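**Student:** The following block contains a protein sequence and its predicted model.
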Number of protein chains: 2
Amino acid sequence: MTLDQEIRAMGERALAASRKLAAFTSRRKNAVLEAMAVELEACRAELKKVNVEDVADAVKAGLSAAMVDRLTLTDARIDGMIKGIREVAALKDPVGKRLSKIVRPNGLVIERRRVPLGVVAIIYESRPNVTADAGILCIKAGSAVILRGGKECARSNRFIADAMAAGGKKAGLPENAVQLVQSADRDGVRALVQLEGLVDVVIPRGGEALIRAVTEQSRIPVLKHYKGVCHVYVDETADLDKALAILENAKCQRPSACNAAETLLVHEAVAEKFLPKAAEMFARRNVRTRGDATACRLIKGCAKVAPKDYETEYLDFELNVRVVKNLKAAVAHINKYGSHHSDAIVTEEPKHAKRFLRDVDSAAVYVNASTRFTDGGEFGMGAEMGISTDKLHARGPVGLDELTTYKYLVHGTGQVR
Amino acid sequence: MTLDQEIRAMGERALAASRKLAAFTSRRKNAVLEAMAVELEACRAELKKVNVEDVADAVKAGLSAAMVDRLTLTDARIDGMIKGIREVAALKDPVGKRLSKIVRPNGLVIERRRVPLGVVAIIYESRPNVTADAGILCIKAGSAVILRGGKECARSNRFIADAMAAGGKKAGLPENAVQLVQSADRDGVRALVQLEGLVDVVIPRGGEALIRAVTEQSRIPVLKHYKGVCHVYVDETADLDKALAILENAKCQRPSACNAAETLLVHEAVAEKFLPKAAEMFARRNVRTRGDATACRLIKGCAKVAPKDYETEYLDFELNVRVVKNLKAAVAHINKYGSHHSDAIVTEEPKHAKRFLRDVDSAAVYVNASTRFTDGGEFGMGAEMGISTDKLHARGPVGLDELTTYKYLVHGTGQVR
């Protein structure tokens, strides 16, 4: 069997499993998740042993410390996976929810209800916990899942996926509802994203290059999160203490997150007053800056910014600073250079807030709050698959609701046209 | 300027126009639509003259009578376009609608509201009225539109698009909110579907080949409607008179529609009783049939069906007939051979209805009603862009709501994480 045939057979098995899983009640799905949690707990020691082999190979191969860290499974991370499964089990099941209902003049009753997507393919980088985190969200949403993780933690991924399948089986999970693509080959990804009619959606999780490659190859709809180039705009009417607290949080609380700020925009009327305060914070928090002429004058050690910096997701203690003429210029900057993820205005003028909310074309637009809140948990959805920067289907956090589709159920008594 | 550069410049102009249009109130958009209707009415005679040239060329080129008919603009069709514009103006504006609102424990108020998609590209075959019908739906939904119609009615499309832009301009429509790709070249389509970051969604309207080609080339999300292979399943508990009326309507009322039935499935317990009745109707309505052994025995002139027939959208007085063992087999047939569009069960047993509704994986699933109701108007949405057989973003009729996206508006008072 060629790789293409193998992957196609996997898609067909997933589709068959998805038909069975779609009919599962919430109670049955939750029992499956609990059985998976129990199974992972039961084989924790073995998992750690397997993971040690992946880690040893990664170290031998000279992977960066950050990468080795990401693929290492500590007890705390295994606890996190197990806790995550139970948290998802506790979430409200989106499947079956009635979204609308109308009665037509001819007596037809037309309902629209959430139903599972069917088969979800997840392509992710070398973080073994994603195997569980992403897999269980799909199962809870009633879909079968095909996982394809980074090759650097192939053993750990295999172990976790097998443990999930084995645990799930004890509680009646259909066979092949959770499958893992074993091939480390890039061709495995290419074959997977050609499975139109078998796989309903592809979700790449990882760096921009991975996501672009998947999008270019895929004939299946892709739910994607390119990057987070987020902004804080300090309006002329801003409360500057609020602005400073929001900026510090948006930049420094967790700079590696996609919802961290990468660029500060300041209205020219408050730049002279605000930037020196900001400069103190930058010094205290070790934030490196790149700015325009005014910023360079007011912030010690500020480098000159280049246009491409405005499009860069630093994921680090690094920040662009630009002084703008007015709100309109701030909005234009954000829509041009941003990634349509999360952007905030700090203002005390409701009209400015309203205009910013209307005109900034991003998944989440904030007034007087940190961009760091764009997150399934913070938005009250519970666990999430990621943050979509797409406009179709899902925008912003992708939780259980966003992992479903809907169908129309039409109840008649013999109506014809 | 190369074609690629031209199309890219068009995309950039559309994006700029979309930013302005997104801020329009419903009243302003409706004024724009009314001005378009007035303009089209004012230049009706000229439009007919231009269309005569397209028709003459089409006849000369030896196009089929059906194709020539589709591109001919009669007074009735122009009336239809103008009436259509006013009907869309009268529809409720989806933009700004609040979809959800929560207040978090930290005081953040998180709203989710419908907002325009941005820029929509529509690629369609040779029906000049689509230029207006599709264009105005996008404008009403607050998006700029790039139209690319079939080359056989290039003059008529150009005239209609220009009339819409000219009429719209009188009521303040931003320039370039409605644009038409002039190139008859297929490369025009290819260039258009590469405009990631400028165009938000591509909607191909036409035959399956066009849609497949667009989907393969596109790096932008595609909203698609492949085909309608719809089923009527007559359950063992069916009221056979109801079943006959539904079948006749689903097959014969307008066989060229995508929601017309292509296959009849009959439970084996009622086949001997139902198929002879159906055969009388087929004879009366000139429906040609292809069936399995039982169908061939019970229906005069029934040809032998082949598996590929089960996947064929006849769009004609032609029907597959298959006798199935039970409900489960009917559902399996529909999920295997159907196009996930519209499928009906005729049954008097609520449990069977419930199972069919749950297990058939289609956009619209019917109990005791004709599949012909899958339509924006019949579903109470008003005008529609088409019927989506996709599962992401929009499923079933694509009306104004489905031509929008949403964003999160987060109102804070200085919250940080």
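**Tutor:** In hand now; what should we look at?

**Student:** measure A:Gly380 to B:Tyr408 for me?
**Tutor:** 11 Å (CB to CB, to the nearest Å). Glycine gets a C-beta too; all of them are placed from N, C-alpha and C.

**Student:** can you give me the strands in the stretch 151-300 of chain A?
**Tutor:** Listed in chain order, the strands of the stretch 151-300 of chain A (DSSP state E, counting those that start in this stretch) span residues A:178-180, A:201-205, A:230-234, A:261-267, A:288-291.

**Student:** how about those strands in a markdown table, adding mean neighbour count and distance to B:Glu6?
**Tutor:** Formatted as a markdown table, those follow (neighbours: other CB atoms under 10 Å in any protein chain shown; distance: least, CB to CB, whole Å):
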| stretch | mean neighbour count | distance to B:Glu6 |
| --- | --- | --- |
| strand A:178-180 | 25 | 46 |
| strand A:201-205 | 25 | 32 |
| strand A:230-234 | 29 | 32 |
| strand A:261-267 | 27 | 32 |
| strand A:288-291 | 20 | 35 |
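
**Student:** before we move on, the earlier item: what touches both of A:Gly380 and B:Tyr408?
**Tutor:** Both A:Gly380 and B:Tyr408 are in contact with B:Ile110, where contact means CB atoms under 8 Å, 6 or more residues apart in numbering or on different chains.

**Student:** contacting residues for A:Tyr124?
**Tutor:** A:Val130, A:Thr131, A:Ala134, A:Leu147, A:Arg148, A:Gly149, A:Gly150, A:Pro204, A:Arg205, A:Gly206.

**Student:** mind checking which helix or strand the first one is in?
**Tutor:** Secondary-structure assignment from DSSP states H and E places A:Val130 in helix A:129-140.

**Student:** Mind listing residues that contact stretch A:232-246?
**Tutor:** So stretch A:232-246 is in contact with A:247, A:250-251, A:261, A:263-267, A:269-270, A:273-274, A:277-278, A:281, A:324, A:326-327, A:330, A:334, A:343-349, A:352, A:356, A:368-371, B:414, B:416, going by CB under 8 Å, 6+ apart.

**Student:** From start to finish, how long is it in a straight line?
**Tutor:** 8 Å (CA to CA, to the nearest Å).

**Student:** quick revisit: could you point out which of the strands of the stretch 151-300 of chain A sits nearest B:Leu21?
**Tutor:** strand A:230-234 (23.1 Å; CB to CB).

**Student:** buried residues in the strand of greatest length in chain A?
**Tutor:** Using DSSP state E, we find that the single longest strand of chain A is strand A:404-415. Across strand A:404-415, burial judged by 16 or more other CB atoms under 10 Å in any protein chain shown covers A:Thr404, A:Thr405, A:Tyr406, A:Lys407, A:Tyr408, A:Leu409, A:Val410, A:His411, A:Gly412, A:Gly414, A:Gln415.

**Student:** Now do A:Ala166 against A:Leu173, distance only.
**Tutor:** A:Ala166 sits 9 Å away from A:Leu173, taking CB to CB as the criterion.

**Student:** for the record, mean pLDDT for stretch A:107-123?
**Tutor:** Mean per-residue pLDDT for stretch A:107-123: 98.

**Student:** Look at it and report the distance between its end residues.
**Tutor:** Note: stretch A:107-123 ends 46 Å apart using CA to CA.

**Student:** what's the answer for stretch A:87-102, then?
**Tutor:** For stretch A:87-102, the first-to-last residue distance is 35 Å (CA to CA).

**Student:** Give me the buried positions along it.
**Tutor:** Neighbour-count burial for stretch A:87-102, with 16+ other CB under 10 Å as criterion, is recorded at A:Val88, A:Ala89, A:Leu91, A:Asp93, A:Pro94, A:Val95.

**Student:** The fifth one contacts A:Leu400, doesn't it?
**Tutor:** What it means is A:Pro94. Yes - look at A:Pro94 against A:Leu400 with CB atoms under 8 Å: they come within range, at 4.7 Å.

**Student:** re the thing from before, kindly reformat the strands of the stretch 151-300 of chain A as a markdown table and extend each row with mean pLDDT.
**Tutor:** As requested, the strands of the stretch 151-300 of chain A are arranged in a markdown table below (pLDDT from 0 to 100):
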| stretch | mean pLDDT |
| --- | --- |
| strand A:178-180 | 97 |
| strand A:201-205 | 94 |
| strand A:230-234 | 98 |
| strand A:261-267 | 98 |
| strand A:288-291 | 98 |
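
**Student:** Could you export these to a markdown table, including columns for distance to B:Ser362?
**Tutor:** Below are the strands of the stretch 151-300 of chain A laid out as a markdown table (distance: least, CB to CB, whole Å):
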| stretch | distance to B:Ser362 |
| --- | --- |
| strand A:178-180 | 25 |
| strand A:201-205 | 17 |
| strand A:230-234 | 40 |
| strand A:261-267 | 44 |
| strand A:288-291 | 53 |
